[in-house]
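Enquirer: Below are the sequence and a predicted model for it; my questions follow.
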Amino acid sequence: MTVRTINQLVFGYEDGHRLLGGSVDIPSEPLATLLGATDAPVEDSSDCLITGLPIEAISSYALCFTWSAPELPRPGAIWSHVLLLHPEHLESFGRLSVFGSLARRPKPGEIEGYGSVLAAPEDRRAQEPVSREIVADIVAAAYGGNKPLVIQRDLAESARALFAVWEFQWPALRKRFEFCTRESARTSPPPRGVVVAREVRGMLGHQQSSSAGEKWQARLVDAVVSAQEPELTRFLAAFGPNGPAALGAMRDLAQLFECVAAEDHQRSRGLLERIYPEASLGAELKGHLFGQELGEWWSAPERSRVGALIGATVDAWDVEQLRLERRICDWIENDGANSLVNELAGDGPSAVRETFLAALVRSGRPSDVGPVVQCQPDLAVQWIREAPELAHAPETWSTLEEHQAAILLGTLDSSDAEIAVAAILGGQTAVVLDLAGMLGALLAISTQRSLDAGLELVRVSGWAQVLDALHTASRVGEDGHPPATESEVADLRLLLGAVTADSHRVPGLLAALERRRSIIDDIWLRAAAAEMPRARSNSKTLEVTFGPLYRAIREDRLHPDCWAVIEEHLPEAADRARRLQGLLVEVAKTKHWKKKKLTRALRGAGSHAQKLYRDLEEDEDTLGARLRRVVDTLRGW
């Protein structure tokens, strides 16, 4: 302590109550305050009233001691000795009651003795025994939120209790705490600070606060009276000084400690949100209780702490400092989002919801979409938009109940072909049909060229409905245009041809194969294979399909299902390619093909046309000659 002296003042009667002397000059405004604080009637000449209040204008705390002055000529006159404590005194002294040893009742003719500073006392006095009942009443008045009036006949014992309550506060509260003892007090207007009075005037039926109080009050009283609550004392000392400099902070932290001691994570979070409603406030305390590392104040498991944070209702949390995203990810990776998303408040703070969303995106588990859709549909949609690959994954849709899929697909763009196909492959065909219709589903499947989705659609809906949608696609509507373009209709025909493997069931399939020869993929080849049973009766079939099929066989790209469809219609030969080229030779000779038709048939065969020529080189008839000219024409394709 660097400030080892204390200024003093003396007040008394001299043509009225006034400042009689002191060790320091006092400006008029704080002087007026002190005149009011010290002018209190005292009935018993042996009693001493005390008053404590901050005097901010002179950066001091006034501790006043007031006695009756029956020796003075004016009835009701009083003496008052005021100690002006420096803020450092309130910070460094453990026992503030030691300042009472400096109080001296003034006497006539001794006023000059108050004109010098006093030496600060030694901070060695042990706590005096105090009345638990009175302390409880003062705690209730100071922190309980009730009227700050205590009725107590024994003012000397009340003064000791007030000192004990004052001493228990951390420095910021000590500097703001106002209290006094009085012979009587009024309830209106409400007094400033805690007033202990023998009687209350001005209100009938004034109710004394119950000394029993709430559980937190009882624990706080025990800590003040007998130091029986060392953990509470340590908790208040650790976090009180960094909190609000208001008496309510003592109540808030004592209530919070009660929740912490009971391991009540949800109530603890709620109290923290009320005490520190902004993320920048109370960071140390929030980190100790809800940070990733388990603090010393409770044994709350990580799941309970994260779950409580997820249920936040106020934007009072620094999610980055708490590493909340990483912690949510760990939970999801270990146990999924099912149990965690139930804790998320629907109208919770944006920072927590955004962090939860970031953790979902980071984890990216399709199996978690269902629980999130069920509990937080809006969040699920945000998640899918942030991570569209989930909507494109069939396994995402396979985990959803039908009503969950309807919620999600209804909010997303059901016309998105990739999403629609993924939903169909995930077992949500009925939902896709309900939202997009049969034609919309077919167009999505053909756009994505998904054979499996086509098969699933036919399985669920039946061939008749699928074929009806194909007719609808090419039918001119009321606006004078068909609902699908010619290319889209061609793709639908290819898809259905690939699905059914029976060209008789798909009108216009051969024309569609010709139209879409620029896209030779598995669906095209399957549709081409479906046309092959008609190759002998309709020579145009080979003109359209031979080249791509021949190349696929030579390059071992033809799916076994395709070969199973066409092999029974091919002549026998040494290998598959020779069997298909044997059919070409047979049809070309039977139908007397000219160069033009041979040229059309070999389109798409690529360099394998040369192989075909070598295989048929020994053929000396006119077909061989025509084929040789065709190959020369196609050389380099």
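Expert: That came through fine.
Enquirer: Residues in contact with the longest helix belonging to the chain: which ones?
Expert: The longest helix of the chain (DSSP state H) is helix 429-448. For helix 429-448, contacts defined as C-beta atoms under 8 Å, 6 or more residues apart in numbering pick out 402, 405-406, 409-410, 414-418, 420-421, 423-424, 453-454, 456-457, 460-461, 465-466, 468-470, 472-473, 483-484, 488, 491-492, 494-495. Using the backbone N, CA and C atoms, a C-beta is placed for each residue, glycine as well.
Enquirer: Would you mark the buried spots in that helix?
Expert: 429, 431-436, 438-448 (16 or more other C-beta atoms under 10 Å).
Enquirer: so where's the stretch 151-300 of the chain shaky on pLDDT?
Expert: 189, 202-213 (pLDDT under 70).
Enquirer: which residue ranges form the strands in it?
Expert: In the stretch 151-300 of the chain, the strands defined using DSSP state E, counting those that start in this stretch lie at 179-186, 194-201.
Enquirer: again, but for the stretch 1-150 of the chain
Expert: Under DSSP E, counting those that start in this stretch, the stretch 1-150 of the chain gives strands at 5-13, 17-22, 49-55, 60-68, 78-85, 118-119, 149-151.
Enquirer: May I see the PyMOL selection of the buried members of the contacts of helix 429-448?
Expert: In PyMOL syntax, the buried subset of the contacts of helix 429-448 is picked out as below (16+ other C-beta under 10 Å):
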select buried, resi 405+406+409+414+416+417+420+421+423+424+453+454+456+457+460+461+466+469+470+472+473+483+484+488+491+492+494+495
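Enquirer: and the contacts of helix 429-448, which of them are in helices?
Expert: Mapping the contacts of helix 429-448 onto helices (DSSP H) picks out 402, 405-406, 409-410, 417-418, 420-421, 423-424, 453-454, 456-457, 460-461, 465-466, 468-470, 472-473, 488, 491-492, 494-495.
Enquirer: what's next to stretch 310-322, contact-wise?
Expert: Here stretch 310-322 has contacts from 266, 269-270, 272-274, 276-281, 283, 286-287, 290-292, 309, 324-325, 328, 340, 343-345, 347-352, 355-356, using C-beta under 8 Å, 6+ apart.
Enquirer: Swap in 6 Å and give it another go.
Expert: Here stretch 310-322 makes contact (C-beta atoms under 6 Å, 6 or more residues apart in numbering) with 273, 276-277, 279, 283, 291, 343-345, 348-349, 351-352, 355.
Enquirer: Let me know the closest of the residues you listed to residue 142.
Expert: The shortest approach to residue 142 among those belongs to residue 276, at 21.2 Å (C-beta to C-beta).
Enquirer: That closest one: what's it in contact with?
Expert: Counted by C-beta under 6 Å, 6+ apart, residue 276 has contacts 282, 316.
Enquirer: again, but for residue 130
Expert: Residues near residue 130 by C-beta under 6 Å, 6+ apart: 160, 161, 164, 225.
Enquirer: neighbours of the last one, just the number please.
Expert: For residue 225, the neighbour count with other C-beta atoms under 10 Å is 23.
Enquirer: separation between it and residue 264?
Expert: Residue 225 is 26 Å from residue 264, where distance means C-beta to C-beta, to the nearest Å.
Enquirer: Then the third one?
Expert: Computed as C-beta to C-beta, the residue 164 to residue 264 distance reads 29 Å.
Enquirer: Repeat that for the second one.
Expert: Distance of residue 161 to residue 264, computed by C-beta to C-beta: 31 Å.
Enquirer: Any stretches of the stretch 1-150 of the chain with poor pLDDT?
Expert: Using pLDDT under 70, the stretch 1-150 of the chain drops low at 1, 125, 146.
Enquirer: Let me see the ranges of the helices in it.
Expert: Here the stretch 1-150 of the chain has its helices, by DSSP state H, counting those that start in this stretch, at 28-38, 87-92, 132-143.
Enquirer: Just name the most buried of those helices.
Expert: Highest mean neighbour count among these (mean count of other C-beta atoms under 10 Å): helix 132-143, with a mean of 24.
Enquirer: in the stretch 251-400 of the chain, which spans are helices?
Expert: Using DSSP H, counting those that start in this stretch, helices in the stretch 251-400 of the chain cover 265-275, 283-290, 302-310, 324-335, 338-341, 350-363, 369-375, 377-386, 388-391, 394-398.
Enquirer: Redo those helices as TSV? Include mean neighbour count.
Expert: Listed next are those as TSV, based on neighbours: other C-beta atoms under 10 Å:
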stretch	mean neighbour count
helix 265-275	20
helix 283-290	19
helix 302-310	20
helix 324-335	18
helix 338-341	18
helix 350-363	20
helix 369-375	22
helix 377-386	18
helix 388-391	18
helix 394-398	21
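Enquirer: Which one of these has the poorest average confidence?
Expert: Mean pLDDT values for the helices of the stretch 251-400 of the chain show the minimum at helix 338-341, a mean of 87.
Enquirer: Does anything pack onto that helix? Which helices or strands?
Expert: Helices and strands touching helix 338-341, by 3 or more C-beta pairs under 6 Å, 6 or more residues apart in numbering; DSSP states H and E, are helix 369-375.
Enquirer: Could you list every helix and strand that the helix it packs on packs against?
Expert: helix 338-341, helix 377-386, helix 402-411.
Enquirer: Give me the contact list for the first one.
Expert: Contact with helix 338-341 is made by 331, 371, 372, 375, 376, as judged by C-beta under 6 Å, 6+ apart.
Enquirer: again, 8 Å this time
Expert: For helix 338-341, contacts defined as C-beta under 8 Å, 6+ apart pick out 306-307, 310, 328, 331-332, 356, 368, 371-372, 375-376, 379.
Enquirer: From the centre of the protein outward, give me the first residue you hit.
Expert: Nearest to the geometric centre of the chain sits residue 352, at 2.3 Å (C-alpha atoms, centre = their mean).
Enquirer: got the CA coordinates for the longest helix of the chain in PDB?
Expert: What follows is helix 429-448, C-alpha atoms only, in PDB (Å, rounded to 0.1, in the frame of the first residue of the first chain):
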ATOM      1  CA  THR A 429     -38.900 -41.700 -56.500                       C
ATOM      2  CA  ALA A 430     -42.400 -41.100 -55.200                       C
ATOM      3  CA  VAL A 431     -41.300 -37.700 -53.800                       C
ATOM      4  CA  VAL A 432     -39.600 -36.700 -57.000                       C
ATOM      5  CA  LEU A 433     -42.700 -37.600 -59.000                       C
ATOM      6  CA  ASP A 434     -45.000 -35.700 -56.700                       C
ATOM      7  CA  LEU A 435     -42.900 -32.500 -57.100                       C
ATOM      8  CA  ALA A 436     -41.500 -32.700 -60.600                       C
ATOM      9  CA  GLY A 437     -44.000 -35.000 -62.300                       C
ATOM     10  CA  MET A 438     -43.300 -38.000 -64.500                       C
ATOM     11  CA  LEU A 439     -42.000 -36.000 -67.500                       C
ATOM     12  CA  GLY A 440     -39.800 -33.800 -65.200                       C
ATOM     13  CA  ALA A 441     -38.300 -37.000 -63.600                       C
ATOM     14  CA  LEU A 442     -37.700 -38.500 -67.000                       C
ATOM     15  CA  LEU A 443     -36.000 -35.400 -68.400                       C
ATOM     16  CA  ALA A 444     -33.800 -35.200 -65.300                       C
ATOM     17  CA  ILE A 445     -32.800 -38.800 -65.700                       C
ATOM     18  CA  SER A 446     -32.100 -38.500 -69.400                       C
ATOM     19  CA  THR A 447     -30.100 -35.200 -68.800                       C
ATOM     20  CA  GLN A 448     -27.900 -37.100 -66.300                       C
END
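Enquirer: Alright, I will stop here.
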